[in-house]
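Asker: What would the 3D arrangement of this be:
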Amino acid sequence: MSRRPRRIWTPEPKLRLVTEARRRMAGGESHRASVKALDLHEGTLGKWMDRHPAGRLQPVQIMADEEPARSAGISVATPVGFLIDGLDIEGVIRLWERLR
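Answerer: Down below sits the predicted model:
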């Protein structure tokens, strides 16, 4: 029996798979059935779900402007495209500590 080559996952597909797994499980599907449908290992999905707790991210509305509005405070843009705007220095420090 040959093994499948190891796959390398970037953060975006991981988050999409975690979201899909949660949607499936909220609909009554078991964890085992979800990982089978998503072609993942049970432990892999479990670790990803632990790293991306439910309710941690909020959906936002994307608006196409030529120049984004600037708010008072510090803005932080993540490599995957999230923008956190209007932070003070204490908020940036708390964000940094939680994300590392």
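Asker: Every contact and neighbour count from this point should use C-alpha atoms.
Answerer: Will do.
Asker: In a helix, residue 16, correct?
Answerer: Yes. Counting by DSSP: H, G, I helix; E, B strand; the rest coil, residue 16 is found in a helix.
Asker: residue boundaries of the helices in this protein?
Answerer: For the chain, the helices defined by DSSP state H cover 11-26, 31-38, 42-51, 89-99.
Asker: so where is the protein shaky, pLDDT-wise?
Answerer: Scanning the chain for pLDDT under 70 picks out 1, 55-71, 79-80, 100.
Asker: Quick check: the residue nearest in space to the middle of it vs residue 48, distance?
Answerer: Note on the chain: the residue nearest the mean C-alpha position is residue 15, at 3.9 Å, using CA atoms, centre = their mean. From residue 15 over to residue 48 the distance is 8 Å, taken as CA to CA, to the nearest Å.
Asker: thinking again about what came up before, please tabulate the helices of the chain in a markdown table and include distance to residue 82 as additional columns.
Answerer: Below are these laid out as a markdown table (distance: least, CA to CA, whole Å):
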| stretch | distance to residue 82 |
| --- | --- |
| helix 11-26 | 11 |
| helix 31-38 | 25 |
| helix 42-51 | 17 |
| helix 89-99 | 13 |
